[in-house]
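*Asks:* below are the sequence and a predicted model; questions follow.
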Amino acid sequence: MSGPSPNQQSIERYRRHAAGYDASARRTMALRLRTIALLRLRPGDVVLDIGAGTGQSYAPLLQAVGPQGRVLAFEQSPEMFSKAEQRVQQHGWQRVWHCRAAAEAVQLPEPVDALLFNYVHDITRSPQAVANLLRQARPGARVAMAGMKYFPWWTGPLNLLAWLKNRPYNAHAADLWHPWDLVQARCDRFERQSTQAGMGYIAHGHMR
Ligand SMILES: C[S@@+](CC[C@H](N)C(=O)[O-])C[C@H]1O[C@@H](n2cnc3c(N)ncnc32)[C@H](O)[C@@H]1O
């Protein structure tokens, strides 16, 4: 008998993380803003927030796309999405369209000019998810990504730390060597840097 799918595992994990997520994500706000800046959003753009969690990126994305732009987003965890929904209602944001859905199946209401993959490791490791999302983007759409990765191989046991930190959140916890590569394969001018002393990465490119 096969065990729970990666999606089911992830939903279970975020059931536990949802209550404390916003407090724990506060310390990575600078990195989030840096990743969003790499999208070079312009007034009127339509931007997709992938695996949006509790919607922490909505405010800076809305600010960047201006009054004519739109933020599209989706999230599969019921508990995380309910927090994103509360955020939208509290602020009365009319220019956010979001839904509870899996990346592998979500259908967007319009094509997007830019895609944000902020700490969505299980999505970046799912070929079906990456294919489904990128097919709904305009040619030349900008992509920005950030997440965890392994330290260089020669650091050896340090990677136990990376795996242990990743495991409570992600079903594909051990797949940390090149978490960007499925997206990179669909992009031109893809550039990447290490963050967090080598345990993270930030990257951007343009879809072909
Ligand atoms: C570390 S959180 C990041 C949330 C958000 N991107 C942020 O920057 O705060 C990862 C999120 O991806 C969601 N997720 C994981 N796999 C998913 C999938 N296949 N489809 C949709 N959401 C998924 C999780 O439920 C979780 O909310």
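*Replies:* Cool, got the structure.
*Asks:* got the contact list for the closest residue in space to Trp97 that isn't next to it in sequence?
*Replies:* Closest residue in space to Trp97, ignoring its immediate chain neighbours: Leu72 at 5.1 Å, by Cβ to Cβ, 6 or more residues apart in numbering. Where C-beta positions appear, they are placed from N, C-alpha and C, glycine not excepted. Shown in contact with Leu72 (Cβ atoms under 8 Å, 6 or more residues apart in numbering): Val46, Val47, Leu48, Asp49, Val96, Trp97, His98, Leu108, Pro109, Glu110, Val112.
*Asks:* okay, now Ile202: neighbour count?
*Replies:* By the criterion of other Cβ atoms under 10 Å, Ile202 has 20 neighbours.
*Asks:* tell me the SS of it?
*Replies:* strand (DSSP: H, G, I helix; E, B strand; the rest coil).
*Asks:* gap between it and Arg13?
*Replies:* Noted for Ile202: a distance of 23 Å to Arg13, by Cβ to Cβ, to the nearest Å.
*Asks:* surely the residue nearest to Trp97 forms part of a helix?
*Replies:* No - counting by three-state DSSP, Leu72 is not part of a helix but strand.
*Asks:* for it, give the beta-bridge partners.
*Replies:* On the basis of DSSP bridges, Leu72 is bridged to Leu48, Trp97.
*Asks:* on the three-state scheme, Arg40 is what?
*Replies:* Strictly by three-state DSSP, Arg40 counts as coil.
*Asks:* the ligand contacts on this protein?
*Replies:* 7, 10, 14, 25, 51-53, 56-57, 75-77, 80, 102-104, 118-120, 122-123, 126, 129, 169 (Cβ under 6 Å from any ligand atom).
*Asks:* switch the cut-off to 5 Å
*Replies:* Where the chain comes near the ligand, counting by Cβ under 5 Å from any ligand atom, the residues are 10, 14, 51, 53, 56, 76-77, 80, 102-103, 118-120, 122.
*Asks:* name the helices or strands packed onto whichever helix in the chain runs longest?
*Replies:* Taking DSSP state H as the criterion, the chain has its longest helix at helix 6-25. Other helices and strands packing on helix 6-25, by 3 or more Cβ pairs under 8 Å, 6 or more residues apart in numbering; DSSP states H and E, are helix 78-91, helix 121-124.
*Asks:* for the closest residue to Thr195 other than its chain neighbours, report the pLDDT, please.
*Replies:* Of all residues not flanking Thr195 in the chain, Ile202 sits nearest, at 5.3 Å (Cβ to Cβ, 6+ apart). Ile202 is assigned 98 on the pLDDT scale.
*Asks:* re earlier: buried ones in the longest helix of the chain?
*Replies:* Across helix 6-25, burial judged by 16 or more other Cβ atoms under 10 Å covers Pro6, Asn7, Gln9, Ser10, Ile11, Arg13, Tyr14, His17, Ala18, Tyr21, Ala25.
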